[in-house]
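Peer 1: What follows is a protein structure lacking sequence information:
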């Protein structure tokens with residue numbers, strides 16, 4: 001018996017050191033379900049930045065900036081990222097690190113009651129987004145190939161638009177590229193946290209930045225690029241209206257992957273001594289930097305060739321190919337740009353995948369492989385009708401929208417902002433006693449964070465939610 005108690009005491013001391021648990025129930029649970037961790041702080045920052053950096057930064061940000069007046073929108077967007085966005089990012093990482101659990105179990109362990117429903121909604125959101133995200137990501141892979149073959153390089157936007165419409169409405173080709181992209185995502189997730197996700201981020205994020213810098217350097221040196229630079233960097237507040245603030249708020253919220261459990265899941269792989277505020281600030285900075293660089297890539301080129309900066313979502317798949325067609329070495333730069341998009345999509349898709357896999361595997365490494373394969377099968381099954389809804393099944397709608405648009409509307413306009421709103425309330429009001437201990441920051445910093453997360457963020461997110469529904 002004495003030997004047994006000695007083993008228990010030794011085990012408790014070890015778990016107190018590694019996990020920060022003090023009660024027997026906590027440390028025994030930690031020993032039974034030892035969770036994987038990031039191998040280093042930099043590895044986590046790159047992986048979390050990869051989760052945040054996606055199509056929203058490189059595809060969505062330039063055309064939203066173009067639609068909302070350029071420089072003034074940029075300033076408002078950056079201000080929101082480093083206030084409301086950063087505060088929510090800290091909140092999600094705090095919830096994940098403090099519990100060392102997936103998105104649903106984190107809420108159950110922290111407070112119980114009905115709060116785990118927030119986590120379940122996040123997991124559902126991640127899965128639904130994944131089912132149409134891999135379809136759009138497949139388009140980026142296809143356009144990388146088509147750039148090299150010259151298929152999409154035509155000088156007229158009408159001709160390029162016809163190529164794009166013909167491609168996404170084809171019943172077979174987009175599904176094949178979806179399967180290719182999904183296979184790449186599964187390959188990364190199967191490797192686990194440190195050997196899969198973190199290792200991939202260590203290579204992909206630097207490559208992403210290198211490509212961005214190369215493309216930005218080419219874009220800003222084009223004849224006539226100065227007008228685009230002026231549009232992007234010189235604020236014109238006469239063009240700022242309520243819609244500008246709303247667009248900047250929505251862009252900042254969605255580009256940081258908030259409200260869908262991704263950052264809670266990634267936070268759960270942090271070690272107890274990893275700093276939350278500093279890491280979150282690094283992630284937000286890298287995320288914003290990618291968006292700004294994407295602006296330098298797209299907007300100067302758009303103005304240099306007399307295109308319309310407010311062309312909307314078609315700016316990427318219709319306007320830009322026609323611009324690349326008029327550039328020297330256009331096929332090379334077009335392939336490089338769409339390869340960049342594919343990398344950004346891959347790092348985000350991995351995070352979406354991990355939210356679902358983390359829950360169903362419950363932290364058990366032995367269950368990761370079968371769970372990953374089942375999730376991939378389920379997401380691909382849903383991705384097929386999602387892809388077909390752009391073509392042969394476009395007549396079948398949900399609320400008047402094709403399936404892809406309906407899933408996009410449901411997640412981006414309802415579940416993500418609703419999840420963000422509830423997370424802000426949970427972190428600001430329910431966990432208020434744990435905040436000082438978990439953040440390990442100065443009283444002034446914690447006080448500022450609490451003010452934003454309790455009052456500013458809920459109001460701002462509620463505005464996004466209401467506006468999105470309207």
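Peer 2: Sure thing, it's come through. This is a predicted model, so every value here is computed, not measured.

Peer 1: Only C-alpha atoms from now on, for both contacts and neighbour counts.
Peer 2: Fine.

Peer 1: which residues does residue 76 contact?
Peer 2: Residues counted as contacts of residue 76 (C-alpha atoms under 8 Å, 6 or more residues apart in numbering) are 245, 248.

Peer 1: actually residue 415, sorry about that
Peer 2: Neighbouring residues of residue 415 by C-alpha under 8 Å, 6+ apart: 121-122, 125, 259-260.

Peer 1: can you give me the helices in the stretch 251-400 of the chain?
Peer 2: Secondary structure of the stretch 251-400 of the chain (DSSP state H, counting those that start in this stretch): helices located at 262-267, 276-304, 314, 320-324, 330-361, 365-388.

Peer 1: Pick the most buried one from those.
Peer 2: Most buried of the helices of the stretch 251-400 of the chain, by mean neighbour count (mean count of other C-alpha atoms under 10 Å): helix 262-267, with a mean of 31.

Peer 1: which secondary structure elements does that one contact?
Peer 2: On a contact count with 3 or more C-alpha pairs under 8 Å, 6 or more residues apart in numbering; DSSP states H and E, helix 262-267 meets helix 41-52, helix 86-99, helix 103-110, helix 330-361.

Peer 1: would you list these in CSV and tack on mean pLDDT and distance to residue 283?
Peer 2: As requested, the helices and strands packed on helix 262-267 are exported to CSV (pLDDT from 0 to 100; distance: least, C-alpha to C-alpha, whole Å):
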stretch, mean pLDDT, distance to residue 283
helix 41-52, 94, 5
helix 86-99, 94, 9
helix 103-110, 93, 19
helix 330-361, 95, 13
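
Peer 1: Between the helices of the stretch 251-400 of the chain, which one is closest to residue 90.
Peer 2: Ranking those by distance to residue 90, with C-alpha to C-alpha as the measure, places helix 276-304 first at 5.9 Å.

Peer 1: Show me what secondary structure element comes after the closest one.
Peer 2: Using DSSP states H and E, the helix or strand that follows helix 276-304 towards the C-terminus is helix 314.

Peer 1: ok, back up a step: could the helices of the stretch 251-400 of the chain go into CSV alongside distance to residue 206?
Peer 2: Conversion of these to CSV gives the following (distance: least, C-alpha to C-alpha, whole Å):
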stretch, distance to residue 206
helix 262-267, 20
helix 276-304, 11
helix 314, 27
helix 320-324, 24
helix 330-361, 11
helix 365-388, 26
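
Peer 1: For residue 107, find the nearest of these.
Peer 2: helix 262-267 (10.0 Å).

Peer 1: which outside residues touch the closest one?
Peer 2: Residues from elsewhere that reach helix 262-267 (C-alpha under 8 Å, 6+ apart): 44, 48, 51, 89, 92-97, 100-103, 126, 257, 351-352, 354-355, 358.

Peer 1: ok, the contacts of residue 415 vs residue 451, which is closest?
Peer 2: residue 259 (19.2 Å).

Peer 1: Does that closest one touch residue 413 like I think?
Peer 2: No - taking contacts as C-alpha atoms under 8 Å, residue 259 lies outside contact range of residue 413: 11.2 Å.

Peer 1: More neighbours: the two, which one.
Peer 2: residue 259 (32 against 19; other C-alpha atoms under 10 Å).

Peer 1: Distance of that one relative to residue 107?
Peer 2: Plainly put, residue 259 is 13 Å away from residue 107 if you go by C-alpha to C-alpha, to the nearest Å.

Peer 1: Next: residue 177.
Peer 2: Going from residue 177 to residue 107 by C-alpha to C-alpha gives 37 Å.

Peer 1: who's more crowded, the two?
Peer 2: Legend: neighbour count by other C-alpha under 10 Å for residue 177 and residue 107, higher for residue 107 (25 against 21).

Peer 1: Now the phi/psi pair for the nearest residue to that one once chain neighbours are set aside, please.
Peer 2: Excluding its sequence neighbours, the residue lying closest to residue 107 (C-alpha to C-alpha, 6 or more residues apart in numbering) is residue 116, at 4.8 Å. Backbone geometry at residue 116, expressed as degrees, to the nearest 10, gives phi -60, psi -20.

Peer 1: re earlier: relative to residue 152, which of the helices and strands packed on helix 262-267 is closest?
Peer 2: Smallest distance to residue 152 across the helices and strands packed on helix 262-267 (C-alpha to C-alpha): 9.2 Å, for helix 330-361.

Peer 1: so how far is that closest one off the chain centroid?
Peer 2: Taking C-alpha atoms, centre = their mean, to the nearest Å, one finds helix 330-361 lying 10 Å from the centre of the chain it belongs to.

Peer 1: Now do that helix and helix 365-388, the angle between them.
Peer 2: 130 degrees (axes from the mean of the first three to the mean of the last three C-alpha atoms, to 10 degrees).

Peer 1: Nearest to residue 170, out of the helices of the stretch 251-400 of the chain?
Peer 2: Ranking the helices of the stretch 251-400 of the chain by their distance to residue 170 (criterion: C-alpha to C-alpha) puts helix 365-388 first, at 7.8 Å.

Peer 1: Let me see the contact set for the closest residue to residue 382 other than its chain neighbours.
Peer 2: The shortest distance from residue 382 to any non-neighbouring residue, by C-alpha to C-alpha, 6+ apart, is to residue 131 (5.9 Å). Applying C-alpha under 8 Å, 6+ apart, we find residue 131 in contact with 379-380, 382-383, 386.

Peer 1: Could you say which helix or strand holds residue 131?
Peer 2: Taking DSSP H and E as the definition, residue 131 sits inside helix 116-149.

Peer 1: for the stretch 301-450 of the chain, which spans come out with low pLDDT?
Peer 2: Within the stretch 301-450 of the chain, the ranges that satisfy pLDDT under 70 run 436, 440-442.

Peer 1: change it to 90
Peer 2: 306-316, 318-319, 322, 325-328, 330, 363-365, 412-413, 431-447, 450 (pLDDT under 90).

Peer 1: for the nearest residue to residue 325 once chain neighbours are set aside, helix, strand, or coil?
Peer 2: Nearest residue to residue 325 in three dimensions, chain neighbours excluded: residue 153, at 4.8 Å (C-alpha to C-alpha, 6+ apart). When classified by DSSP: H, G, I helix; E, B strand; the rest coil, residue 153 comes out as coil.
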